[in-house]
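> what shape does this take:
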Amino acid sequence: MDSCLGVEQDLDKATSKFTALNDHSNKILGEVINQVEDLRKEISQQPPDTPLTQNQVDIIHELASSVKQSVFQLSTDHRELHATVSRVGKSIDRHFIADYAAVAPKAESFCSDTNRPIMEQAIAQHLYRQDLEDVGDSLVGEARVGVSERGSTFAQLQRCAAALAAADPAPALAWAASREHDLTHSPLLFTLHRMQMMKLAREEGVSAAISYARAYLSQHVSRHERALRACMGVLVWCTQAAPPAPPPPEYAHLLDLKALGAEAGELFLREACSLLRLAPHSPLAGAVLAGARVLPALHDIRAKMSHPHVLAAWADDELPLEVELGEEGGGYHSVFACPILRQQASDHNPPMRLLCGHVISRDALNKLAMGLKLKCPYCPMEQSPSEARQIYFS
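Residues are numbered from 1 along each chain as shown. Down below sits the predicted model:
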């Protein structure tokens, strides 16, 4: 953050100087143009082939000298501006690390015959999740991407969120109404109905909003009484006899349908993804988010590591440190340690998921299996060893 602030200060200086130079240049050029126009009009009023008077010749010489001086001054100011802009680039180089090649994966690894289709699929998937269907369709058609999310569940959720951002809660309400039983303890239904109520108040009047509130918001009084009171109170500013003074801060945001839509859209995606057990971020967004957090830490550690035993930690395909990705980063696991044998999983001893959901290593599975039966070491569920499935961590 300190690096960003340092660059921002230098950029603000360059922007201010550019604005001042632009205003000054326009003023000087305007004065020169006016002087030339006045002289041209004066000369054009004389008969053709009339020689210039000594006064006019002196004026032309003074004007030419003034133009030359103005051009020289503008050129000097431009060189100073160029130096200020150059300082911005130097500030970026000073505050930010330009080369992460020492710790980042090689670019060629993403272009192999195995990884390139995966990358193209991840990019197409991300485009569809961002509601950029036309761009995603072009990529899928030109790159011949096999699998996409164009008609997936998340794409439908994204369209509902986009409608909320455009102040239209109808698609999201229809989706939530079909899953009302699963959203009993979620604030999503109240948030969507509140937005629809305020939309009716702005478009059809207070009476329509009150009728809607009685039909759909009465069941949420016990959990959202305070918020519902605010909704009722803000209706005063939706009538023709609204008070001249603006509403207080606790009411003002309720009158902004776009702000309500942005708040409802964020809540809708979070609650819907949780209900449907979908990742809130696309694989590409998750990788970028994780990389943005990991690379600076890796580079800092790499710069300080010099001991041979420490450098050996970079020989494997594992991170030599644990990185906290935050609440939005999700959970990423590159290694697995068997809780039974206390051994790290490998290609020859991969993690296996049992029917009950518990995960153990293949060696532990083989040791616990008794013929065709296997009892989970963590719960009483019995199952067949052949029903276990291997887990792949990415």
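
> check which helix or strand covers Tyr251.
Using DSSP states H and E, Tyr251 falls within helix 249-252.

> what residues does that helix touch?
Here helix 249-252 makes contact (C-beta atoms under 8 Å, 6 or more residues apart in numbering) with Ala230, Gly233, Val234, Trp237, Pro246. Where you see a C-beta, it was placed from the backbone N, CA and C, and this is true even at glycine.

> so the last one lies in a helix, does it not?
No - counting by DSSP: H, G, I helix; E, B strand; the rest coil, Pro246 is located in no helix; its state is coil.

> next one, pLDDT for the residue nearest to it when sequence neighbours are not counted please.
Spatially, and ignoring its direct neighbours in sequence, Pro246 is nearest to Ala252 (6.8 Å; C-beta to C-beta, 6 or more residues apart in numbering). Per-residue pLDDT puts Ala252 at 78.

> what's the neighbour count on Ala252?
Using other C-beta atoms under 10 Å, Ala252 has 13 other residues around it.

> and if you look at Cys273?
Cys273 sits with 16 neighbouring residues when counted by other C-beta under 10 Å.

> from Met198, how far out is it?
As judged by C-beta to C-beta, to the nearest Å, Cys273 and Met198 stand 25 Å apart.

> also Lys304?
Distance of Lys304 to Met198, given as C-beta to C-beta: 55 Å.

> look at these two and report which has more neighbours.
Legend: neighbour count by other C-beta under 10 Å for Lys304 and Met198, higher for Met198 (23 against 8).

> so that one sits against Gly261, correct?
No - using C-beta atoms under 8 Å, Met198 is not in contact with Gly261, being 10.2 Å away.

> still on that earlier bit, could you dump the contacts of helix 249-252 to a markdown table with neighbour count, distance to Glu62 and secondary structure?
Converted to a markdown table, the contacts of helix 249-252 look like this (neighbours: other C-beta atoms under 10 Å; distance: C-beta to C-beta, whole Å; DSSP: H, G, I helix; E, B strand; the rest coil):
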| residue | neighbour count | distance to Glu62 | secondary structure |
| --- | --- | --- | --- |
| Ala230 | 16 | 71 | helix |
| Gly233 | 14 | 71 | helix |
| Val234 | 20 | 68 | helix |
| Trp237 | 16 | 64 | helix |
| Pro246 | 11 | 58 | coil |
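
> could you pull out the strands in this protein for me?
Using DSSP state E, the strands of the chain run over residues 351-353, 359-361, 374-375, 382-383, 389-390.

> tell me how far Leu188 lies from Arg179.
Leu188 is 9 Å from Arg179, where distance means C-beta to C-beta.

> neighbour-wise, which of these two wins?
Counted by other C-beta under 10 Å, Leu188 and Arg179 do not tie: Leu188 has more neighbours, with 22 against 16.

> what stretches of the stretch 101-250 of the chain score poorly on pLDDT?
When residues are selected by pLDDT under 70, those of the stretch 101-250 of the chain lie in 101-107, 147-152, 240-244.

> if we can go back for a sec, most packed of the strands of the chain?
strand 359-361 (a mean of 21; mean count of other C-beta atoms under 10 Å).

> within the sheet, what are the partner strands of that strand, with directions?
According to DSSP bridges, strand 359-361 has the following sheet partners: strand 351-353 (antiparallel).

> mean confidence score for the partner strand?
Computed over strand 351-353, the mean pLDDT rounds to 91.
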